[in-house]
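In: just a sequence and a predicted model for now, questions to come.
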Amino acid sequence: MKTISNDIFFAHIEDLLAEGQSALIRVKGYSMRPFMRSDRTQVRIAPLTTCEDLKVGDIVLFRYRGRHIMHRIHRIEGDSITLAGDGNYRQWEQCNRKDVVGIVSHVIKFNGRTIPCSSRRWRLNSVLWLALPPFARRVILGVLWRLGIK
């Protein structure tokens, strides 16, 4: 297996999206638990038609302090967007609309099941998770971690 730097990888992803193509990437990290699992979940990143299409609840790939991060939009105020990972109950990021590279259109689970992010079920699960108080999310994530579901 060959490893390439994130700079080269995400430059290629940005080029694909700029050409109107989508890209399939494997999730790394734990910030989007419980819906996405590191090294087991893949996502299809689609190009944005316009930044005005962004909505609260969308999961986007964006540039933040020299890195690329994939998190959920929590608030949009003008050109400013506040984001956080589903597994982050205390950490938030802010970016501008121009920093958003693409939008997650599908989540592919480790068993191959593909879930469109526009589906009612996905949206409902997302809303319900975010409606939980941070303490409840922390407890659930802690239990999952202890059970080995990372």
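Out: Looks like it came in fine. Residues are numbered from 1 along each chain as shown.
In: ok, and what's touching the longest strand that the chain contains?
Out: If you go by DSSP state E, the chain has its longest strand at strand 67-77. Outside strand 67-77, the residues within contact range by C-beta atoms under 8 Å, 6 or more residues apart in numbering are 6, 10, 13, 27, 31-32, 43, 45, 54-62, 81-86, 88, 92-93, 101, 104, 126, 130. Where C-beta positions appear, they are placed from N, C-alpha and C, glycine not excepted.
In: pull out the buried residues from that strand.
Out: 68-73, 76 (16 or more other C-beta atoms under 10 Å).
In: next one: stretch 137-150 to chain centre, how far?
Out: Relative to its chain's centre, stretch 137-150 lies at 19 Å (C-alpha atoms, centre = their mean, to the nearest Å).
In: quick check: the gap between Gln21 and Asn96.
Out: 24 Å (C-beta to C-beta, to the nearest Å).
In: returning to that earlier point: just checking, which of the contacts of strand 67-77 belong to helices?
Out: Among these, the members found in helices (DSSP state H) are 6, 10, 13, 126, 130.
In: of those, keep whichever come out buried.
Out: Buried subset of these (neighbour count, 16+ other C-beta under 10 Å): 10, 13, 126.
In: from those residues, which shows the smallest pLDDT?
Out: The member of these with the lowest pLDDT is Ser126, at 90.
In: okay, now the unreliable bits of this structure?
Out: Filtered on pLDDT under 70, the chain yields the residue ranges 1, 51.
In: one more pass at 90, please.
Out: 1-6, 48-53, 88-91, 127, 130-131, 134, 148-150 (pLDDT under 90).
In: out of everything not next to it in sequence, what's closest to Gln21?
Out: Pro47 (7.2 Å; C-beta to C-beta, 6 or more residues apart in numbering).
In: brain fart, Ile59
Out: Closest residue to Ile59 apart from its sequence neighbours, by C-beta to C-beta, 6+ apart: Val104 at 4.0 Å.
In: next one: Pro134
Out: Once flanking residues are discounted, Pro134 sits nearest to Tyr89: 3.9 Å by C-beta to C-beta, 6+ apart.
In: I'd say the one you found and Ala136 touch.
Out: No: at 9.2 Å, Tyr89 and Ala136 do not qualify as touching, with contact defined as C-beta atoms under 8 Å.
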